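K.L.:
From the sequence below, what's the structure:
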Amino acid sequence: MLNLRTLNNKPQERGESEAWMRICRRLRADVGEDVFSSWFGRLELESLMEGTASLSVPTKFLKSWIQSHYAEKLLLALALELPDVKRLSIAVRSSNRPPAGLSIASGEGVHDISVEPRLREAPRAAADAAGLNAKFLGSERPRAPLPAKAAGDSSEADIIAGSPLDGRLNFLNFSVGKSNQLAFAAAQRVAAASPDEPLIFNPLYLHASVGLGKTHLLQAVAHAAATTKRRVIYLTAERFMYGFVSALKAQTAIAFKEKLRGIDILIIDDIQFLQGKSIQQEFCHTLNALIDGHRQIVIAADRPPSDLDSLDERVRSRLAGGLCVEVGGLDEALRVKILETRIAAAKLAHPNFDVPAAVTAYVASAVQTNGRDLDGAVNRLLAHASLNGAPLSVETAELAIRDLVRMHEPKRVKIEDIQKLVATHFNVSRADILSSRRTANVVRPRQIAMFLSKALTLRSLPEIGRRFGGRDHTTVLHAVRKIDGLAAKDATLSEEIELLKRMLTE
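P.N.:
The predicted structure is shown next:
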């Protein structure tokens, strides 16, 4: 059991002793009896001096383990009972221990972390927040002010240090077409909203394949929102993971959490790369805190939330609860517009760079993949025009961009699309296919949909089963084998399945 080596029975020390016992009870309830006994049983409070709680343990291993796994939890419990505590020091007790009550915080290997201002100012309010023991104020709306800006900072100073922003990626430079019009309008609406305006689209979730403008829109939101004096941070998923892990190593995780939760707009790109259970949990807590605190969140990924199999289900549910917009592929008219914009920008630096309309039309028809390939095409045309010194022609362009002209990639088939098509084809509803109904007119379409899901997607059997109403993988395997056997004997069924495959892939 944790104990306080009380020097005497002065009222102040008796109060500290009682507070320490409350801290013990809080920790015991938080981590459980087994963990409490294993790691906190020999932890002692040595002194409380100048806002520092000095603790000691008998071994270096115990000290290292508490530092790595429980330092923040311990500091939080101390600060909630003893509001004056701002720092925590842990040291190894020597055989010649100092007289009781003397601080040993200056010894070698002392572990020191600080309490953030918000925790110091309102420990009792924080204690009332839901899920305090694991979420570190995850459900309470942050109130901590951000550090004051340095003199001479521009509007970009409102963007807290995050991933680098490209000044060219703004709304003015974004080419709008039918495929991205809704995403563009939603992003503009979010960026232009005033701080006291109700949040309509929260979170705003954009998804698309690579090179279709997700990052451009997210950075445009960051640039535009900063001009409205809102506090904005733009992060890639990789940067978020790096920041969180670095904060844990540096024992500044509370500051990292508070920084994220004290902003007005959180923008995260490529969320599909978010990995690690603890990191995803922290992201979920941050997501909940910001949404509950009426702060705007903008997310981008390469697929809809339901397809982010690596993310926790709670995170997927939160993301799906906002506005999800798919940024579609670039049609030819939009590709022409993008090329004309890029060519005009290139001409500012190279006035002699002239691209005939026929060449632009050819490139737009030949490069059908994404915006980055169109940028590459313009760069190749510029290189050929400037290095060869000859006017550009369709033949020259064909030679210049031949490595960018790719075979048409097969359409990526989604399980949801398979379910909808099969349901329509067999005159049942998608809800019927996902239900537990066992009537013949539902079982056969369900089995065919499972068969097609296995044949046309890379999803595993357990994942397919989960998408079909939470069924076991053995059910999916039975359906695949059943339809495979029937199709081998029934030519009509085989033709029907081939038709469905063509409809899904073309």
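
K.L.:
ok, so what distance separates the closest residue to residue 217 other than its chain neighbours from residue 234?
P.N.:
With sequence-adjacent residues excluded and distances taken as C-beta to C-beta, 6 or more residues apart in numbering, residue 217 is closest to residue 187, at 4.5 Å. C-betas here are computed from N, CA, C, even on glycine. Taking C-beta to C-beta, to the nearest Å as the measure, residue 187 falls 13 Å from residue 234.

K.L.:
mind checking which helix or strand of the protein has the lowest mean pLDDT?
P.N.:
Counting by mean pLDDT, DSSP states H and E, the chain has its least confident helix or strand at helix 132-135, which shows a mean of 28.

K.L.:
still on that earlier bit, is it true that the residue nearest to residue 217 touches residue 220?
P.N.:
Yes. Counting by C-beta atoms under 8 Å, residue 187 does reach residue 220; the two are 6.4 Å apart.

K.L.:
before we move on, the earlier item: find residues that contact each of residue 187 and residue 234.
P.N.:
Common contact partners of residue 187 and residue 234 (C-beta atoms under 8 Å, 6 or more residues apart in numbering): residue 218.

K.L.:
quick one: the residue nearest to residue 217 from residue 348, how far?
P.N.:
For residue 187, the distance to residue 348 - C-beta to C-beta - is 26 Å.

K.L.:
So which of these two has more stuff around it?
P.N.:
Neighbour tally, residue 187 and residue 348, criterion other C-beta atoms under 10 Å: the higher count belongs to residue 187, 26 against 8.

K.L.:
Point me to the helix or strand that includes that one.
P.N.:
helix 181-192 (DSSP states H and E).

K.L.:
for the helix or strand following that helix, packing partners?
P.N.:
Later in the chain than helix 181-192, the nearest helix or strand by DSSP H and E is strand 204-207. Using 3 or more C-beta pairs under 8 Å, 6 or more residues apart in numbering; DSSP states H and E as the contact test, the elements touching strand 204-207 are helix 181-192, helix 214-226, strand 296-301, strand 323-326.

K.L.:
in which helix or strand would I find the closest residue to residue 264 other than its chain neighbours?
P.N.:
Spatial nearest neighbour of residue 264, excluding adjacent residues (C-beta to C-beta, 6+ apart): residue 230 at 4.0 Å. Take DSSP H and E as the rule and residue 230 turns out to sit in neither a helix nor a strand.

K.L.:
Residue 230 and residue 192 touch, don't they?
P.N.:
No. With contact defined as C-beta under 8 Å, residue 230 does not count as touching residue 192 (10.6 Å).

K.L.:
More neighbours: which of those two?
P.N.:
Per other C-beta under 10 Å, whichever of residue 230 and residue 192 has more neighbours is residue 230, with 19 against 14.

K.L.:
Check which helices and strands whichever strand or helix holds residue 24 is in contact with.
P.N.:
Using DSSP H and E, residue 24 falls within helix 11-31. For helix 11-31, the contact count by 3+ C-beta pairs under 8 Å, 6+ apart identifies strand 3-4, strand 44-49, helix 71-81, helix 132-135 as packing neighbours.

K.L.:
tell me the contacts of residue 177?
P.N.:
Counted by C-beta under 8 Å, 6+ apart, residue 177 has contacts 330-331, 333-334, 337.

K.L.:
go again using 7 Å as the cut-off
P.N.:
By C-beta atoms under 7 Å, 6 or more residues apart in numbering, the contact list for residue 177 reads 331, 333-334, 337.

K.L.:
Just among the residues you listed, which is most surrounded?
P.N.:
Neighbour-wise, these (other C-beta under 10 Å) top out at residue 334, 23 neighbours.

K.L.:
Low-confidence ranges, the stretch 51-200 of the chain, go.
P.N.:
Applying pLDDT under 70 to the stretch 51-200 of the chain flags the ranges 94-162.

K.L.:
how about the strands in it?
P.N.:
Applying DSSP state E, counting those that start in this stretch to the stretch 51-200 of the chain gives strands spanning 52-57, 87-92, 111-114.

K.L.:
what's the closest non-adjacent residue to residue 487?
P.N.:
Counting by C-beta to C-beta, 6+ apart, the residue nearest residue 487 is residue 494, at 4.4 Å.

K.L.:
Locate the one you found within the secondary structure: which element?
P.N.:
Assigned by DSSP H and E, residue 494 falls in helix 491-505.

K.L.:
Give the rounded mean pLDDT of that helix.
P.N.:
For helix 491-505, mean pLDDT is 88.

K.L.:
same for it, what does it pack against?
P.N.:
Using 3 or more C-beta pairs under 7 Å, 6 or more residues apart in numbering; DSSP states H and E, the elements in contact with helix 491-505 are helix 415-425, helix 440-456, helix 473-489.

K.L.:
By neighbour count, which bits of the second one are buried? Give me those.
P.N.:
The reference is to helix 440-456. Within helix 440-456, the residues scored as buried using 16 or more other C-beta atoms under 10 Å are 442, 444-454, 456.

K.L.:
Could I get those residues in TSV, plus columns for distance to residue 164?
P.N.:
Converted to TSV, the buried residues of helix 440-456 look like this (distance: C-beta to C-beta, whole Å):
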residue	distance to residue 164
442	53
444	54
445	50
446	49
447	51
448	49
449	45
450	45
451	47
452	43
453	40
454	42
456	39
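
K.L.:
Pick the one among the residues you listed closest to residue 377.
P.N.:
residue 456 (31.4 Å; C-beta to C-beta).

K.L.:
ok, that closest one touching residue 413?
P.N.:
Yes. Between residue 456 and residue 413 there is a contact at 4.3 Å, judged by C-beta atoms under 7 Å.

K.L.:
which residues are common contacts for those two?
P.N.:
Shared contacts of residue 456 and residue 413, counting by C-beta under 7 Å, 6+ apart, come down to 504-505.

K.L.:
So which residue is dead centre in this protein?
P.N.:
residue 271 (4.0 Å; C-alpha atoms, centre = their mean).

K.L.:
Look up how far residue 211 lies from that residue.
P.N.:
To residue 211, residue 271 is 17 Å away according to C-beta to C-beta.

K.L.:
cool, and residue 291?
P.N.:
Applying C-beta to C-beta, the value for residue 291 to residue 211 is 30 Å.

K.L.:
what sits against residue 225?
P.N.:
191, 232, 265.

K.L.:
Looking at those, spot the one nearest residue 181.
P.N.:
Closest to residue 181, out of all of the contacts of residue 225 and judged by C-beta to C-beta, is residue 191, at 15.9 Å.

K.L.:
How about residue 224: what's its closest non-neighbour residue?
P.N.:
Nearest non-adjacent residue to residue 224, counting by C-beta to C-beta, 6+ apart: residue 191, 3.7 Å away.

K.L.:
so the one you found touches residue 219, yeah?
P.N.:
No. If you go by C-beta under 7 Å, residue 191 and residue 219 don't touch, sitting 10.6 Å apart.

K.L.:
what residue ranges in the stretch 351-500 of the chain are flagged as low confidence?
P.N.:
406-411.

K.L.:
what would the helices and strands packed on helix 491-505 look like in JSON lines with distance to residue 86?
P.N.:
Converted to JSON lines, these look like this (distance: least, C-beta to C-beta, whole Å):
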{"stretch": "helix 415-425", "distance to residue 86": "52"}
{"stretch": "helix 440-456", "distance to residue 86": "56"}
{"stretch": "helix 473-489", "distance to residue 86": "53"}
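
K.L.:
Ok, which of the ones you listed comes nearest residue 46?
P.N.:
Nearest to residue 46 among the helices and strands packed on helix 491-505 is helix 473-489; the distance by C-beta to C-beta comes to 55.7 Å.
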